[in-house]
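*Asks:* Here is the input, now give the coordinates:
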Amino acid sequence: FELCATGRTTGRKLVIRDHVDLRWADGKIAEMLVYGNPSFMEQEEEALQASREGGSVTRKDFKTFCEAQLGSWAGEVTSVISETDVGKEGKKSTYKWEARLSDDGKAMTMTGMGPGTTGRSLFFYDAAAKVIRGSGVSSEGVVNQQTFRIAGKNKWNRRTHQTAADGTTSEFRSVLTLSKKGNQLTIVIHGKNADGGDTKQTNVWRRVSK
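*Replies:* Now for the predicted structure:
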């Protein structure tokens, strides 16, 4: 089966030769399942996300991103993105995190510590997708997969796919803004609660040392 596909975001054209299953109802095609290489749709999805969340990122942008976050930080917050209760109201506690660049400068590691949990993350530049990616895991078994794109000067858009230890998944979109001569980082996290309502949490971090 040959299917001529045109990407709605990029305008790319591709002839896809894959196995197709058709389900008929009342003499019409009710459902079509295509099996094959998913890379075309994955690239289109990545392009669509880029158009919504910001443009392509360069290695120079990644260096700037890392330099903005290196060092030790602290904040009084209710929760962080590596916890499943992010976005919920609660008592604020002191959280700390530290970011360090790898010896070759091609990756950044981050360690975090809160009143009941710790976490480690790795950030790197994805040259194929032209985005910054982050992968992290907490002591509670929460796994985060993140992408970052530029939203403006000293500002980044972050998309987080979170998987809890019980397999529950959540999506968050955040805006990170650096201010006060690089000594304050404000993170506004948007998500949804169990009832489908919108949630918003603002975490303000101050730089302790660099």
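*Asks:* what about Asp61, which SS state?
*Replies:* Assigned with DSSP: H, G, I helix; E, B strand; the rest coil, Asp61 falls in the helix class.
*Asks:* For it, grab the count of nearby residues.
*Replies:* 19 (other C-beta atoms under 10 Å). C-beta: built from backbone N, CA, C; applies to glycine.
*Asks:* what sits against it?
*Replies:* For Asp61, the contacting residues are 132, 150, by C-beta atoms under 8 Å, 6 or more residues apart in numbering.
*Asks:* Return the distance of it relative to Lys92.
*Replies:* Distance, Asp61 to Lys92, by C-beta to C-beta, to the nearest Å: 32 Å.
*Asks:* do the same with Gly112
*Replies:* Counting by C-beta to C-beta, the separation of Gly112 from Lys92 is 16 Å.
*Asks:* So for the two, which residue has more residues nearby?
*Replies:* Using other C-beta under 10 Å, the more surrounded residue of Gly112 and Lys92 is Gly112, with 22 against 11.
*Asks:* which ones are touching that one?
*Replies:* 80, 82, 95-98, 118-121, 138.
*Asks:* mind listing what whatever helix or strand it lives in pairs with, with the direction of each?
*Replies:* Element membership of Gly112, judged by DSSP states H and E, is strand 107-113. Next to strand 107-113 in the sheet, as set by DSSP bridges, lie strand 93-101 (antiparallel), strand 118-126 (antiparallel).
*Asks:* Let me have these in JSON lines, extended by mean neighbour count.
*Replies:* JSON lines is the format used below for the strands paired with strand 107-113 (neighbours: other C-beta atoms under 10 Å):
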{"stretch": "strand 93-101", "mean neighbour count": "17"}
{"stretch": "strand 118-126", "mean neighbour count": "17"}
